[in-house]
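Chemist: model the following, please.
(one chain, ligands or ions: 1)
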Amino acid sequence: MSHGQAYGHELRHDPAVLHASYADASPTPFWLDDPARPEPRPALAGDATADLVIVGGGFCGLWTALLAKERDPQRRVVLLEGRRIGWAASGRNGGFCEASLTHGEENGRLHFADELPTIDRLAEENHRAFAETLVRYGIDAEWEATGVLTVATEPHQVEPLRRAAKDGDLFLTGKALRAYGDSPLFRAGLLSPAGCAFVHPAKLAWGLADAAERLGVEIHENTPALRLRTSGDGVLIETRRGTVHAERAALATNAFPSLLPGMGLFTVPIYDYVLMTEPLTQEQLASIGWTGRHGMTDSSREFHYSRKTADDRILFGGYDAIYHRGRKVRDAQDQRPATFERLADHFFGTFPQLDGIRFTHRWGGAIDMSTQLVAFHGTARGGRVAYSAGYTGLGVGATRFGAEVMLDLLAGEDTERTRLRMSRRLPIPIPPEPFTYPLIQLMRRAVAKSDRDGGRDTPLLRLAGLFGVGFDS
Ligand SMILES: Cc1cc2nc3c(=O)[nH]c(=O)nc-3n(C[C@H](O)[C@H](O)[C@H](O)COP(=O)(O)OP(=O)(O)OC[C@H]3O[C@@H](n4cnc5c(N)ncnc54)[C@H](O)[C@@H]3O)c2cc1C
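Modeler: Below is the predicted model of the structure:
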């Protein structure tokens, strides 16, 4: 084992065996590889008028559409999606729907200590309202509030994990731990039943789109918004085959280029990758102690996440957080053999009992990393345009909150949400290329070194922390 670590960058298994495990895997994200995927809605053909135009048909845009109609059923809302509803991050994520709006408590304390009690209360309200919406509209997104087991795989992670236990959490070792996750790499675990639910992300996106449509939202797929201009008191969004004239616009374009010049400096596309196993039998699941429905994650800075699907597959993703030189979102970057090999290596290291199983899907996708690892929201063009971005791998639940903030801001309302710093201030920008690549490589190396050195911050991470800059997925 390299440096005695549970997970390292060097392979521990025969590369040929690893390759065989995922060689036949489909490059389509498992969640989107579903005959229930709806047919695309027609593209915009001709000009349209609206009270609100939304750009982006991922979770953020879809929640904005749905909530806009709930707030004012008379409002005319048009949503433009460049490709397909939920095809990007929203249809290819791990489906961990966390209540946290701050990428965990530690990061929240680091950046928003004074606001944290308010943020945490708003986060809980958001999480509850999320679940209630699914019930209200009959959206079957396979919501499961089954909690998460966080494991310590290194000696230095055990005590911090024990100290992190909140009311209702279970700190587990030995046999008690093996009843939730039986791995030679697990030293201790913290089972937290609250604060995270699981969803089928694509079904969530499709269900939100359907619910929004039932409320009267007009959705156009395969309709990239090409340009945004102001006109009188409103905005014009130009597309290939028509222009939308609207009073207000909400931009929910995540890691893709913003229609607002300069906004691209506040996020950087970081790629996260996932493997999905074939369906496992009850005997196989019992052999790894994972008969419950909880998800799992580990405590390293470079961390994995895993969860089950409805048909008892295991999704295993994370660890590598890859920046591709050029700062672009490109389809070709959704596949990265070196990361799939590493993920398979770590999977079989975690659960050697499952030697010989196959992966049926392998994919990746872009997250929009911002330096505080937390989304930011704001307005431009005299309050006519709102944006919400920078979710950094924590957008499944938090995008609903971002949608509420955008609607508050566009209505000119002063609310608890709009008073938060994340709604008033932009994060520290990330320098453009040619500086982005070497900077991010430096940060990645520092993060890996910290994991090797017992979790201690390197001087670079300490310096970055002073400026409120982090690197994560
Ligand atoms: C592999 C992976 C795993 C993840 N796991 C988790 C997880 O377990 N939990 C969690 O909370 N988060 C996770 N995330 C992050 C989460 O998926 C995102 O934060 C969230 O989906 C962001 O939603 P969004 O609507 O902002 O972005 P997206 O889903 O990316 O949607 C943006 C949409 O805007 C459209 N668009 C962009 N520009 C234009 C334009 N000019 N005109 C028209 N349309 C445009 C795009 O086509 C796209 O559909 C993960 C992400 C990835 C990639």
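Chemist: tell me the buried residues in stretch 416-430?
Modeler: Arg417, Thr418, Leu420, Met422, Ser423, Leu426, Pro427, Ile430 (16 or more other Cβ atoms under 10 Å). Where C-beta positions appear, they are placed from N, C-alpha and C, glycine not excepted.
Chemist: which residues touch that stretch?
Modeler: For stretch 416-430, the external contacting residues (Cβ atoms under 8 Å, 6 or more residues apart in numbering) are 101, 112, 115, 118-119, 122, 265-268, 370-372, 374-378, 390, 401, 404-405, 408-409, 436, 439, 467-469.
Chemist: now a ChimeraX select for only the buried ones of those.
Modeler: To isolate the buried subset of the contacts of stretch 416-430 in ChimeraX, counting by 16+ other Cβ under 10 Å, use the following:
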select :101,112,115,119,122,265,266,267,268,370,371,372,374,375,376,377,378,390,401,404,405,408,409,436,439,469
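Chemist: mind checking which of the contacts of stretch 416-430 are in strands?
Modeler: Using DSSP state E, Val268, Phe376, His377, Gly378 are the members of those that sit in strands.
Chemist: surely Tyr387 is in a strand?
Modeler: Yes - assessed with DSSP: H, G, I helix; E, B strand; the rest coil, Tyr387 lies in a strand.
Chemist: thinking again about what came up before, now the buried residues of stretch 416-430 in a markdown table, with secondary structure?
Modeler: Putting those into a markdown table (three-state DSSP) gives the following:
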| residue | secondary structure |
| --- | --- |
| Arg417 | helix |
| Thr418 | helix |
| Leu420 | coil |
| Met422 | helix |
| Ser423 | helix |
| Leu426 | coil |
| Pro427 | coil |
| Ile430 | coil |
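Chemist: next, format the residues you listed as TSV and append pLDDT.
Modeler: What follows is the buried residues of stretch 416-430, written out as TSV (pLDDT from 0 to 100):
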residue	pLDDT
Arg417	98
Thr418	98
Leu420	98
Met422	97
Ser423	97
Leu426	95
Pro427	93
Ile430	92
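Chemist: related to what we said a few turns ago, got the ones in strands among the contacts of stretch 416-430 as a markdown table, with pLDDT and distance to the ligand columns?
Modeler: Shown next, in a markdown table, are the ones in strands among the contacts of stretch 416-430 (pLDDT from 0 to 100; distance: Cβ to the nearest ligand atom, whole Å):
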| residue | pLDDT | distance to the ligand |
| --- | --- | --- |
| Val268 | 94 | 13 |
| Phe376 | 97 | 12 |
| His377 | 98 | 11 |
| Gly378 | 98 | 15 |
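Chemist: just to revisit the earlier point, which one of the buried residues of stretch 416-430 sits closest to Ala211?
Modeler: In terms of Cβ to Cβ, no member of those lies closer to Ala211 than Arg417, at 22.0 Å.
Chemist: just give the nearest non-adjacent residue to that closest one, would you?
Modeler: Closest residue to Arg417 apart from its sequence neighbours, by Cβ to Cβ, 6 or more residues apart in numbering: Val405 at 4.9 Å.
Chemist: for the one you found, give me its contacts.
Modeler: Val405 sits in contact with His377, Ala386, Ser388, Arg417, Thr418, Ser423, where contact means Cβ under 8 Å, 6+ apart.
Chemist: now render the buried residues of stretch 416-430 as JSON lines, adding distance to the ligand.
Modeler: Below are those laid out as JSON lines (distance: Cβ to the nearest ligand atom, whole Å):
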{"residue": "Arg417", "distance to the ligand": "17"}
{"residue": "Thr418", "distance to the ligand": "19"}
{"residue": "Leu420", "distance to the ligand": "18"}
{"residue": "Met422", "distance to the ligand": "14"}
{"residue": "Ser423", "distance to the ligand": "16"}
{"residue": "Leu426", "distance to the ligand": "17"}
{"residue": "Pro427", "distance to the ligand": "15"}
{"residue": "Ile430", "distance to the ligand": "17"}
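Chemist: quick check: phi and psi at the nearest residue to Gly390 once chain neighbours are set aside.
Modeler: Using Cβ to Cβ, 6+ apart and skipping residues adjacent in sequence, the residue nearest Gly390 is Ser370, 3.1 Å away. Backbone torsions of Ser370, given as degrees, to the nearest 10, read phi -120, psi 160.
Chemist: Ser370 against Gly393, yeah?
Modeler: No - with contact defined as Cβ atoms under 8 Å, Ser370 does not count as touching Gly393 (10.6 Å).
Chemist: still on that earlier bit, would CSV of the contacts of Val405 with distance to His9 be doable?
Modeler: CSV is the format used below for these (distance: Cβ to Cβ, whole Å):
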residue, distance to His9
His377, 36
Ala386, 41
Ser388, 35
Arg417, 41
Thr418, 43
Ser423, 38
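Chemist: any idea how far the residue most central in space within the chain is from the ligand?
Modeler: Centroid-nearest residue in the chain: Gly393, 3.2 Å away (criterion: Cα atoms, centre = their mean). Per Cβ to the nearest ligand atom, to the nearest Å, Gly393 is found 5 Å from the ligand.
Chemist: make sure that residue is actually in contact with Pro269.
Modeler: No - counting by Cβ under 8 Å, Gly393 stays clear of Pro269, with 11.6 Å between them.
Chemist: what's the overlap in contacts for these two?
Modeler: Between them, Gly393 and Pro269 share the contacting residues Ile367, Met369, judged by Cβ under 8 Å, 6+ apart.
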